[in-house]
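*Asks:* Just a sequence and a predicted model for now, questions to come.
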Amino acid sequence: MHNYLSISPEVQEALKNNKAIVALESTIISHGMPYPKNKETALEVEKIVRDNGAIPATIALLNGKIKIGLSINEIDYLAQSGEKIIKASRRDIPYLLAQKIDGATTVAATMIAADLAGIRLFATGGIGGVHRGASQTFDISADLQELANTNVAVVCAGIKAILDLELTLEYLETFGVPVLGYKTKELPAFYTQKSGFEVNFKMESAAEIAQLLQTKWTLNLKGGVIVANPVPKAEELDYDTMQKAIDEALIAEKKMGIKGKASTPFLLAKVKEITHGMSLDSNIALVYNNAKLAAQIAVAMQKEE
């Protein structure tokens with residue numbers, strides 16, 4: 001395994017000395033937004049993690065290695081390369097490593113890499129889930145199976161709003177994945193605090209969440225946990241505006257015959273276009289918010305130990 005892992009000196013030192021660490025994905029850099037906004041956002045996320053007492057570990061597949069902790073030059077390379085970089089999930093990892101093809105890690109792949117390195121906290125924007133119309137297409141994100149099996153907690157702004165939230169929650173329940181709401185009983189829906197669905201448990205502090213995570217994994221109850229952290233009120237989209245934009249994006253997707261791993265990036269880009277960039281501003285704000293909470297939980301977990 002160590003032949004395929006390349007851990008930065010900073011992250012190695014943090015692991016050795018049991019410091020708080022937060023894993024960060026790289027798909028948001030290559031596929032999430034245009035250059036140079038993607039680079040600026042990635043570096044700001046790392047700064048927020050540091051400012052809140054933890055070490056950031058941005059993850060990607062580079063030159064046949066799973067890189068845990070990227071340099072500024074590596075982040076810049078991913079940011080400038082954009083969608084030329086392959087979007088890598090669990091299925092893609094062995095091929096890309098064997099062929100020495102670079103890949104940007106999705107939620108699922110980042111969870112796998114974090115787990116291999118011994119990192120338990122991961123901050124992202126929103127998780128994948130059951131796509132609308134999945135009863136016909138069977139389009140279900142690999143993120144959900146990873147959450148069922150991999151011991152990493154994912155701090156996010158809920159399930160991506162372009163998906164079927166109700167079916168995603170049912171799927172998570174079947175596989176025993178707890179959905180925690182940070183200071184909320186309502187599941188946030190990525191761009192907005194409102195969804196109409198409830199989380200399993202409302203949590204009032206990072207310390208409470210850390211205690212739950214320690215309890216779960218001490219009992220050997222395998223699998224991840226979703227920490228749903230609502231987008232800040234000042235940055236959320238109006239719920240009706242969001243729903244209208246998503247409906248328009250779904251119609252465009254169907255007309256163009258877009259499916260599979262191309263679906264989510266297309267829909268997010270279309271929603272951004274329809275909302276005249278407001279969705280991107282909201283997306284960036286919620287990622288920053290999640291990085292802050294993830295770092296606080298990671299610090300609280302060290303105190304628990």
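*Replies:* Looks like it came in fine. Note that the structure is predicted; figures quoted are calculated from it, not measured.
*Asks:* Was I right to think residue 63 contacts residue 97?
*Replies:* No: judged on Cβ atoms under 8 Å, residue 63 makes no contact with residue 97 at a distance of 9.5 Å. Quick note: C-beta positions are derived from backbone N, CA and C, even for glycine.
*Asks:* Could you point out the longest helix of the protein?
*Replies:* Ordering each helix of the chain by length in residues (DSSP state H) puts helix 278-304 first.
*Asks:* helices and strands around that helix, which ones?
*Replies:* In this structure, helix 278-304 packs against strand 21-24, helix 37-51, strand 121-123, strand 153-156, helix 206-218, strand 225-228, helix 239-256, helix 263-274, with contacts taken as 3 or more Cβ pairs under 8 Å, 6 or more residues apart in numbering; DSSP states H and E.
*Asks:* Measure how the longest one sits relative to helix 278-304, angle-wise.
*Replies:* I take that to be helix 239-256. Helix 239-256 runs at 110 degrees relative to helix 278-304, counting by axes from the mean of the first three to the mean of the last three Cα atoms, to 10 degrees.
*Asks:* Next, the angle from helix 239-256 to helix 263-274.
*Replies:* For helix 239-256 against helix 263-274, the angle between stretch directions is 120 degrees (the same axes, to 10 degrees).
*Asks:* list the buried ones in the helix or strand bottoming out on mean pLDDT in the chain?
*Replies:* Least confident element among the helices and strands of the chain, by mean pLDDT, DSSP states H and E: helix 134-137 (a mean of 75). Within helix 134-137, the residues scored as buried using 16 or more other Cβ atoms under 10 Å are residue 134.
*Asks:* After that helix, which helix or strand is next?
*Replies:* Proceeding C-terminally, helix 134-137 gives way to helix 142-149 as the next helix or strand, assigned by DSSP states H and E.
*Asks:* Could you list the low-pLDDT ranges of the chain?
*Replies:* Flagging of the chain using pLDDT under 70 yields the residue ranges 305.
*Asks:* roughly how far apart are the residue most central in space within it and residue 47?
*Replies:* Compute the mean C-alpha point of the chain, and by Cα atoms, centre = their mean the closest residue is residue 124, 3.0 Å away. Residue 124 is 17 Å from residue 47, where distance means Cβ to Cβ, to the nearest Å.
*Asks:* With residue 119 instead?
*Replies:* 18 Å.
*Asks:* Comparing the two, which residue is more hemmed in?
*Replies:* Between residue 119 and residue 47, residue 119 has the larger neighbour count (other Cβ atoms under 10 Å), namely 26 against 13.
*Asks:* Neighbour count: residue 63 and residue 97, which is higher?
*Replies:* Neighbour count, other Cβ under 10 Å: between residue 63 and residue 97, residue 97 has more, with 19 against 10.
*Asks:* Would you agree that one is in contact with residue 67?
*Replies:* No: taking contacts as Cβ under 8 Å, residue 97 lies outside contact range of residue 67: 11.0 Å.
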